[in-house]
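Q: Sequence and computational prediction follow.
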Amino acid sequence: MIYEIGQFLGRVGAMPAITGALRDYFGRKDGGGRLFGVFTSEIGELNKIYSLRGFPDMDSFQAERERIVAARDPFGVGKHLVYYNLAAHQKFSFLPDIETFFEGGAASVVKLGPLYEIRTYQFQPGGLAIWQDALRDRIAARHKLSPMLGAFYTLDGRPGFTHFWPYPSFENRSDIRRKAVASGGWPPVGVEVAIEHMTSTIALPTDFSPLQ
């Protein structure tokens, strides 16, 4: 499966219009793929929306990308957008597909949050291999404290990866992160040499997001 991570930056005051337009766009399913989540930023870059969608293969992802690029106003809300970016990602092979959270694909809504931390790391040359090995070794112990929704590395553009962490509250996130650091197992030791830049966003699911 190819995972599309979308980013939509809106103009000030335009978030209701943009979320409404994206509700319609994803609801029509014009471009195929399966919608997993749509999240609005609360802490981090403001007026920003993230989406997470899965496509069965690169051909179907590319067909939707070409359709969007060719459209004059693909989401019906162009005047309210500063920019959008839809990027192809692949999950790390040792992590489960997002569909496994949806009861074998049957459930339409899964409640893991309602707070999601979206962390993006951009790598120095060769950094992906370092993080992949570290993540493989450490993720089982980290999951004992709280689950990771998924980690996805970029297939084009600047090397990096984005991981999604659901939490029931901000207080719970802070407590879990303290325990993870105190355990000595997270973040993985030595990976800092692989990272060029890091960003973190605290986001909440929209009311039409399958991941809640």
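A: Everything's here; your move.
Q: Tell me where this structure has strands.
A: 2-10, 34-43, 48-55, 81-91, 115-123, 150-154, 160-167, 195-205 (DSSP state E).
Q: Arg72 is nearest to which of those?
A: strand 81-91 (13.0 Å; CB to CB). Heads up, the C-betas are built off the backbone N, CA and C, glycines and all.
Q: picking that back up, could the strands of the chain go into JSON lines alongside distance to Pro187?
A: Converted to JSON lines, these look like this (distance: least, CB to CB, whole Å):
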{"stretch": "strand 2-10", "distance to Pro187": "21"}
{"stretch": "strand 34-43", "distance to Pro187": "20"}
{"stretch": "strand 48-55", "distance to Pro187": "22"}
{"stretch": "strand 81-91", "distance to Pro187": "19"}
{"stretch": "strand 115-123", "distance to Pro187": "10"}
{"stretch": "strand 150-154", "distance to Pro187": "13"}
{"stretch": "strand 160-167", "distance to Pro187": "11"}
{"stretch": "strand 195-205", "distance to Pro187": "10"}
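Q: Rebuild the ones you listed as CSV, extending it with mean pLDDT, distance to Gly104 and mean neighbour count.
A: Putting the strands of the chain into CSV (pLDDT from 0 to 100; distance: least, CB to CB, whole Å; neighbours: other CB atoms under 10 Å) gives the following:
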stretch, mean pLDDT, distance to Gly104, mean neighbour count
strand 2-10, 97, 19, 21
strand 34-43, 97, 14, 20
strand 48-55, 97, 15, 22
strand 81-91, 96, 18, 16
strand 115-123, 96, 22, 20
strand 150-154, 96, 17, 21
strand 160-167, 96, 19, 22
strand 195-205, 95, 21, 16
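Q: For Ala70, which of these is the nearest?
A: strand 81-91 (13.5 Å).
Q: any residues touching that closest one, and which ones?
A: Applying CB atoms under 8 Å, 6 or more residues apart in numbering, the external contacts of strand 81-91 come out as 1-11, 14, 18, 47, 58, 61, 65, 68, 75, 97-98, 150-157, 161-162.
Q: How about stretch 123-137?
A: Taking contacts as CB under 8 Å, 6+ apart, the residues outside stretch 123-137 that touch it are 92, 94, 121, 151, 153, 159-161, 188-191, 193-196.
Q: List the residues that contact the spatially closest residue to Ala203 that is not a sequence neighbour.
A: Distances taken as CB to CB, 6 or more residues apart in numbering place Phe39 nearest to Ala203, at 3.7 Å, with adjacent residues excluded. Phe39 makes contacts with 49-51, 116, 118, 203-206, 209, as judged by CB under 8 Å, 6+ apart.
Q: again with Gly105
A: Residues in contact with Gly105 (CB under 8 Å, 6+ apart) are Glu99.
Q: before we move on, what about Phe92?
A: Phe92 makes contact with 132, 135-136, 151-153, 161 under the criterion CB under 8 Å, 6+ apart.
Q: Mind doing that once more with 10 Å?
A: By CB atoms under 10 Å, 6 or more residues apart in numbering, Phe92 lies in contact with 128, 131-132, 135-136, 139, 150-153, 161, 163.
Q: how about the residues you listed in TSV, adding distance to Val181?
A: Putting the contacts of Phe92 into TSV (distance: CB to CB, whole Å) gives the following:
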residue	distance to Val181
Leu128	24
Trp131	18
Gln132	22
Leu135	16
Arg136	20
Ile139	16
Gly150	22
Ala151	19
Phe152	24
Tyr153	24
Phe161	20
His163	17
